[in-house]
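> With the input below, show me the fold.
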Amino acid sequence: MMLIIGPMRGLVILKTRFVKNIDAIDTKIINLMLLYKSNKEISKDLKISLSTVQRRVRNLITARFVVSNIEVNYQMFGFKTGLVHVYLRNGNIEETAKKIQNLDQITYVEIHIGNYDILGNVIYKEGKELLNLIATIKKMSGVDKVVWSERVYQSPTKGNDSTVHILNGQIDR
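Model (predicted):
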């Protein structure tokens with residue numbers, strides 16, 4: 001089971017009988033991590049030792065129940081950021097995604113089911129770099145079209161009181 005929580009931050013209720021190696025304390029730790037609590041704050045809130053919290057967090061990350069990412073603020077370095085949405089007409093989606101991932105301006109690639117097939121995050125300094133990148137992608141075998149969007153700004157991620165019930169598919173507000 002993989003749980004991905006993006007911009008919506010909230011309380012996660014895991015039915016632990018369906019998820020191996022996760023107990024109620026781990027679930028509480030995950031919930032506090034989603035609220036950006038430090039290990040020290042989690043230790044205090046749950047009334048367990050700091051070393052226990054650190055060990056459990058490390059185990060959650062190692063087992064990939066929790067994925068931690070560091071994000072660079074490219075604008076502070078004078079870069080612009082955006083997304084390329086790549087539509088394929090045919091061809092090997094994984095092979096094309098790997099080729100796009102290897103381009104210099106691409107920071108990550110995702111494969112999607114839906115309106116477009118591949119999403120790539122792009123950083124660039126000048127429009128000419130972007131133009132060359134899009135032209136390179138358009139020349140790839142199987143690419144039908146490329147749509148571009150530039151990030152103007154990103155709102156800060158915030159915590160909220162939404163409760164996500166995993167496996168039930170219900171959202172309580």
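> where does the residue in the chain sticking out farthest from the centre sit relative to residue 81, distance-wise?
Within the chain, the residue lying farthest from the chain centre (Cα atoms, centre = their mean) is residue 47, at 30.3 Å. Look at residue 47 and residue 81: by Cβ to Cβ, to the nearest Å, they are 42 Å apart. C-beta: built from backbone N, CA, C; applies to glycine.
> By mean pLDDT, point me to the weakest helix or strand of the chain.
Least confident helix or strand of the chain, by mean pLDDT, DSSP states H and E, is strand 170-172 with a mean of 35.
> For the residue lying closest to residue 28 once chain neighbours are set aside, give me its contacts.
Ranked by Cβ to Cβ, 6 or more residues apart in numbering and with sequence neighbours excluded, the top spatial neighbour of residue 28 is residue 46, at 5.9 Å. By Cβ atoms under 8 Å, 6 or more residues apart in numbering, the contact list for residue 46 reads 25, 28, 29, 32, 53.
> pretty sure the first one is touching residue 45, no?
Spelled out, it's residue 25. No - taking Cβ atoms under 8 Å as the definition, residue 25 is not a contact partner of residue 45, at 11.5 Å.
> Run through the strands of this protein in chain order.
Taking DSSP state E as the test, the strands found in the chain are 8-13, 80-88, 106-111, 118-124, 143-150, 158-165, 170-172.
> So, low pLDDT: which residues of the chain?
Applying pLDDT under 70 to the chain flags residues 1-20, 155-173.
> mind running it again at 80?
1-21, 68-71, 91, 153-173 (pLDDT under 80).
> domain parsing for it?
What automatic domain parsing lists as the domains of the chain is 8-69, 74-150.
> can you give me the offset of the last one from its chain's centre?
In this case it means domain 74-150. Centre-to-centre, domain 74-150 and its host chain are 17 Å apart (Cα atoms, centre = their mean, to the nearest Å).
> end to end, how far does it reach?
13 Å (Cα to Cα, to the nearest Å).
> Next: stretch 42-57.
Taking Cα to Cα, stretch 42-57 runs 10 Å from one end to the other.
> got it, and stretch 82-99?
18 Å.
> Now do the buried residues in that stretch.
82, 83, 84, 85, 86, 88, 96, 97, 99 (16 or more other Cβ atoms under 10 Å).
> In JSON lines, list the residues you listed along with distance to residue 72.
Converted to JSON lines, those look like this (distance: Cβ to Cβ, whole Å):
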{"residue": "82", "distance to residue 72": "15"}
{"residue": "83", "distance to residue 72": "16"}
{"residue": "84", "distance to residue 72": "18"}
{"residue": "85", "distance to residue 72": "22"}
{"residue": "86", "distance to residue 72": "23"}
{"residue": "88", "distance to residue 72": "29"}
{"residue": "96", "distance to residue 72": "26"}
{"residue": "97", "distance to residue 72": "22"}
{"residue": "99", "distance to residue 72": "23"}
